[in-house]
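Novice: Any chance you can model this:
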Amino acid sequence: MTDLLAAAAAELYEADPDEFTQRRQDLADRAREAGQPAVAKQIAGLRKPTRSAWVVNRLVRADPQVTSRLAALAAELRDGPSMDGTKIRELTAARSRLVDELTRQALQVSDLPAPPAALREEVTATLDAAIADPEVAANLGTLVRAAHWAGFGLDPMTPFPASAPSPSARKTPTTSSRTPKPGPPPTAEAPPAPDPAEAAAERDRRRQEKIQTAERTVAEAQQTAGSASLAEQELEDTVRRLEAELADARQRLAEARRQSYRAESRQRRADAELGRLRE
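Specialist: This next block holds a predicted model:
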C-alpha cells in the first residue's frame, strides 16, 4: 500500500462514517491532482464501514496494543488439544473478560456511552471473531462490517479434547491355553451393570451436542442481524445522498429564482427608460 493510500485509509476509517463519502471523494481528488490516478482509483474504491465496524477500527487505531492482546490470547487458544479441562475453562473466562473490556474501551473511544444494544453486540462479536479468525484479525483497522465467528466450541483451532476410551473398552479378551474340561451347562448371568465412565462420557457427548446446536442458533441469529444492520446502513446512506441532492437542487433553484428576479428587474428598468426616452 502506498503512503498516500495508507494515509487516506487511516483518515477514512477513523473518521465518522457520516463524513466518509464526501471525505473519500476529496482524498481521491487530491491524489488525482498529485498525479497519481491509480491511487485515486483505489481510494475511491474504499468501502464505507458500518457504525459497529467503525467503532472497532477506531479502537484499534487509538490503541495499537489491542491487536497484540488479541493475538496473544489466540496463540494460547491454539494449544487447546494439549490442555486439560481446567486450563480450557481459564482461557474461556480470559477470552470473555478481554472481549468485554475491549468492547467498553471501543465504545468509550468512539464517544458512545449508551449505544444501541445491537451495535454493542456487533462490536463484541467482531472482537470475538478476531480471536478465532486470522482473516478478521488481519483486517482490524479497515473493517467495513461487523464480523461473526460461526464455528463451534472454544476456538476453530482448539477442539474439545476427545473423551478417553473407557476402561472396559481398553480390555482385550484373552484365550486360555488350556482346553476347558467338560462341566455342567452355564447358568444365565445377569446383564453387566452400566459402566459409570461410559455413562458420564455419553452425558458429556449429549451436552456438547446441545451446546453446538445452541451455538449454531446464535450464529445464524448474528448473521441475520448483521445482514439487517448492513441493509439499514445502506438505506441510511441512500437517504443521506438523496437529502444532499435535494438540498443542492433547492439551493440551485433559489439561485435561479434570484437571477430571474434580477433579470426581470433589469427588464422593467430598461422598459421604463425606453418609455421615458420616447416621450
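
Novice: could you say what helices and strands the helix ranked longest in the chain packs with?
Specialist: Longest helix of the chain, by residue count under DSSP state H: helix 196-278. Judged by 3 or more CB pairs under 8 Å, 6 or more residues apart in numbering; DSSP states H and E, the packing partners of helix 196-278 are helix 20-33, helix 117-132, helix 167-170. The way it works is simple: take the backbone N, C-alpha and C, and place the C-beta from them, glycine included.

Novice: which one of these lies closest to residue 93?
Specialist: Taking CB to CB, helix 117-132 is the member of the helices and strands packed on helix 196-278 nearest to residue 93, at 13.5 Å.

Novice: I'd like the next helix or strand past the closest one.
Specialist: helix 134-138 (DSSP states H and E).

Novice: So what touches that next one?
Specialist: Helix 134-138 is contacted from outside by 67, 70, 71, 74, 126, 129, 130, 131, 143, 147, 149, using CB atoms under 8 Å, 6 or more residues apart in numbering.

Novice: Tell me the one of those residues nearest residue 42?
Specialist: Using CB to CB, those come closest to residue 42 at residue 143, 17.5 Å.

Novice: Look up phi and psi at the closest one.
Specialist: Dihedral pair for residue 143: phi -70, psi 150, per degrees, to the nearest 10.

Novice: Would you check that it makes contact with residue 56?
Specialist: Yes. With contact defined as CB atoms under 8 Å, residue 143 reaches residue 56; the gap is 5.7 Å.

Novice: which residues do those two both contact?
Specialist: Common neighbours of residue 143 and residue 56 (CB under 8 Å, 6+ apart) are residue 126.

Novice: The two: which is more packed in?
Specialist: Neighbours of residue 143 and residue 56, each counted by other CB atoms under 10 Å, are more numerous for residue 56; the result is 30 against 22.

Novice: what about the more buried one, which SS state?
Specialist: helix (DSSP: H, G, I helix; E, B strand; the rest coil).

Novice: For it, which non-adjacent residue is spatially closest?
Specialist: Excluding its sequence neighbours, the residue lying closest to residue 56 (CB to CB, 6 or more residues apart in numbering) is residue 126, at 5.1 Å.

Novice: hmm, back to that, highest mean neighbour count out of the helices and strands packed on helix 196-278?
Specialist: helix 117-132 (a mean of 22; mean count of other CB atoms under 10 Å).

Novice: what about it, distance to the chain center?
Specialist: Remark: helix 117-132 is offset 6 Å from the chain centroid, using CA atoms, centre = their mean, to the nearest Å.

Novice: what angle sits between it and helix 196-278?
Specialist: Here helix 117-132 runs at an angle of 120 degrees relative to helix 196-278 (axes from the mean of the first three to the mean of the last three CA atoms, to 10 degrees).

Novice: counting contacts, what elements does the host helix or strand of residue 4 pack onto?
Specialist: In this structure, residue 4 is located in helix 3-14 according to DSSP H and E. In terms of contacts (3+ CB pairs under 8 Å, 6+ apart), helix 3-14 is packed against helix 20-33, helix 37-44, helix 51-62.

Novice: Okay, buried residues for it please.
Specialist: 4, 5, 8, 9, 12, 13 (16 or more other CB atoms under 10 Å).

Novice: before we move on, the earlier item: tell me which of the contacts of helix 134-138 is nearest to residue 119?
Specialist: residue 126 (10.7 Å).

Novice: Just the element for residue 49, please.
Specialist: Residue 49 belongs to no helix or strand, assigned by DSSP H and E.

Novice: In the protein, where is pLDDT below threshold?
Specialist: Applying pLDDT under 70 to the chain flags the ranges 1-2, 80-83, 150-194, 197, 212, 215-216, 218-234, 236-237.

Novice: at 90 what do you get?
Specialist: Low-confidence segments of the chain (pLDDT under 90): 1-4, 6, 10-11, 14-18, 34, 64, 75-93, 112-115, 132-133, 148-279.

Novice: Using PDB, write out every CA atom in stretch 203-218.
Specialist: The C-alpha coordinates for stretch 203-218 follow below in PDB (Å, rounded to 0.1, in the frame of the first residue of the first chain):
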ATOM      1  CA  ARG A 203     -23.800 -37.400  29.100                       C
ATOM      2  CA  ASP A 204     -20.900 -35.200  28.100                       C
ATOM      3  CA  ARG A 205     -21.400 -36.000  24.400                       C
ATOM      4  CA  ARG A 206     -25.100 -35.100  24.600                       C
ATOM      5  CA  ARG A 207     -24.300 -31.900  26.400                       C
ATOM      6  CA  GLN A 208     -21.800 -30.900  23.700                       C
ATOM      7  CA  GLU A 209     -24.400 -31.600  21.000                       C
ATOM      8  CA  LYS A 210     -26.800 -29.300  22.800                       C
ATOM      9  CA  ILE A 211     -24.100 -26.600  23.100                       C
ATOM     10  CA  GLN A 212     -23.300 -26.900  19.400                       C
ATOM     11  CA  THR A 213     -27.000 -26.600  18.500                       C
ATOM     12  CA  ALA A 214     -27.300 -23.500  20.600                       C
ATOM     13  CA  GLU A 215     -24.100 -22.000  19.100                       C
ATOM     14  CA  ARG A 216     -25.400 -22.700  15.700                       C
ATOM     15  CA  THR A 217     -28.700 -20.900  16.500                       C
ATOM     16  CA  VAL A 218     -26.800 -17.900  17.900                       C
END
